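Asker: Pasted the sequence and its predicted model underneath.
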Amino acid sequence: MSSGLVLVDKPKDWTSHDVVAKMRGVLGTRKVGHAGTLDPMATGLLILGVNQGTKLLQYLLGSNKSYTATIRLGQATVSDDAESEVLEQKDASNISEEQIDSEIQKLTGTFDQVPSSVSAKKVDGARAYDLVRAGKDVQLKAKTITIDTFSRTNQVRYHDGLADFDVEVSCSTGTYIRALARDIGIALGVGGHLIALRRTSIADFSVESASEMTAEPVLIDLKDAASRLFESCEILEQQETDLRHGKQIQLDSKSAVVALTRNDQLVALAEPAGDFFKSMAVFQVDQ
């Protein structure tokens, strides 16, 4: 099996680990990893690294992401989404669209967000969600995030004292969309949680190009994948030899990371080191 990235449209109720396990069988290799977990409730883009493609995943983990989501006002839950019990319910039928849009605007830009307590964050070596399930009171530290765009995409749907609406969000890594739902609900005094979430993009990769779990996966080769993440530069044979022997090379580039290619293959990722560039990761030629 060759190396590269596979884009998967994760179905609801599958864990990210479930997808990896399934794809290991489909792709015929144990060396498969993913670039950022999606909760079981969520659907959408999950990027898998295959064989040497796993070396690219760390660079995707820090990339910006986009989502569509549905927020429900009038109920607060333990996990800030629909996967846990309702803690309290309040009438949200009098919350106006103008009030909702005002709170959305306040959560756009750069600010500190407290992650959801039922999350994979570690507290004293244990996962926060394990501590919550054990009945512990978990207080997580706020983390600085950036919300580039956050907007309501349709009219609010009022029913049974609740208010549902759909949103689009583009944000930095580490953002909890369900925490946004929680914080809007708190600000409006009625509680809130997430009832649907779909990841639509990571960096330059879109869910529109992803394969469903029942379809034959499409492998994006290493060169193409790396060129969509970084500046790409074709190097000479001697430069390739030097890189593969741990030597530094000269490049006409000012980028923080450069994808170095030769003969239509990805050779290495390199970063500046004084007046030279040194390899961060070196890739073997797929047979």
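Answerer: Arrived safely, thanks for sending.

Asker: Identify all residues paired with the residue nearest to residue 220 when sequence neighbours are not counted through a beta bridge.
Answerer: Distances taken as Cβ to Cβ, 6 or more residues apart in numbering put residue 5 closest to residue 220, at 4.6 Å, once the chain neighbours are dropped. All C-beta atoms are positioned from the backbone trio N, CA, C, and that covers glycine. When bridges are taken as DSSP bridges, the partners of residue 5 come out as residue 49, residue 220.

Asker: The stretch 1-150 of the chain: strands as residue ranges?
Answerer: Using DSSP state E, counting those that start in this stretch, the strands of the stretch 1-150 of the chain run over 4-10, 32-34, 43-50, 65-73, 75-77, 86-89, 109-113, 122-123, 126-127, 143-152.

Asker: okay if I get the ones you listed as JSON lines plus mean neighbour count, mean pLDDT and distance to residue 182?
Answerer: Converted to JSON lines, the strands of the stretch 1-150 of the chain look like this (neighbours: other Cβ atoms under 10 Å; pLDDT from 0 to 100; distance: least, Cβ to Cβ, whole Å):
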{"stretch": "strand 4-10", "mean neighbour count": "23", "mean pLDDT": "97", "distance to residue 182": "23"}
{"stretch": "strand 32-34", "mean neighbour count": "20", "mean pLDDT": "96", "distance to residue 182": "25"}
{"stretch": "strand 43-50", "mean neighbour count": "24", "mean pLDDT": "97", "distance to residue 182": "20"}
{"stretch": "strand 65-73", "mean neighbour count": "23", "mean pLDDT": "98", "distance to residue 182": "9"}
{"stretch": "strand 75-77", "mean neighbour count": "22", "mean pLDDT": "95", "distance to residue 182": "7"}
{"stretch": "strand 86-89", "mean neighbour count": "12", "mean pLDDT": "93", "distance to residue 182": "11"}
{"stretch": "strand 109-113", "mean neighbour count": "13", "mean pLDDT": "96", "distance to residue 182": "10"}
{"stretch": "strand 122-123", "mean neighbour count": "14", "mean pLDDT": "46", "distance to residue 182": "18"}
{"stretch": "strand 126-127", "mean neighbour count": "14", "mean pLDDT": "48", "distance to residue 182": "19"}
{"stretch": "strand 143-152", "mean neighbour count": "15", "mean pLDDT": "97", "distance to residue 182": "14"}
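
Asker: Out of those, which is closest to residue 209?
Answerer: strand 4-10 (5.5 Å; Cβ to Cβ).

Asker: quick check: angle from the closest one to strand 43-50?
Answerer: Between strand 4-10 and strand 43-50, the angle comes out at 160 degrees (axes from the mean of the first three to the mean of the last three Cα atoms, to 10 degrees).

Asker: Outside of strand 4-10 itself, which residues are in contact with it?
Answerer: Strand 4-10 has contacts (Cβ atoms under 8 Å, 6 or more residues apart in numbering) with 16, 19, 23, 27, 38, 42-53, 56, 205, 207, 209-213, 217-222, 224-225.

Asker: change it to 6 Å
Answerer: Identification of contacts with strand 4-10 by Cβ atoms under 6 Å, 6 or more residues apart in numbering yields 19, 38, 43, 46-48, 50, 53, 205, 207, 209-210, 212, 217, 219-222, 225.

Asker: Can you give me the end-to-end span of stretch 33-50?
Answerer: 7 Å (Cα to Cα, to the nearest Å).

Asker: Helix, strand or coil: sort out the residue of the chain positioned farthest from its centre for me.
Answerer: Relative to the centre of the chain, the most outlying C-alpha is that of residue 238, 37.8 Å out, by Cα atoms, centre = their mean. Under DSSP: H, G, I helix; E, B strand; the rest coil, residue 238 falls in the helix class.

Asker: What are the buried residues along stretch 26-35?
Answerer: By 16 or more other Cβ atoms under 10 Å, the buried positions in stretch 26-35 come out as 27, 32, 33, 34, 35.
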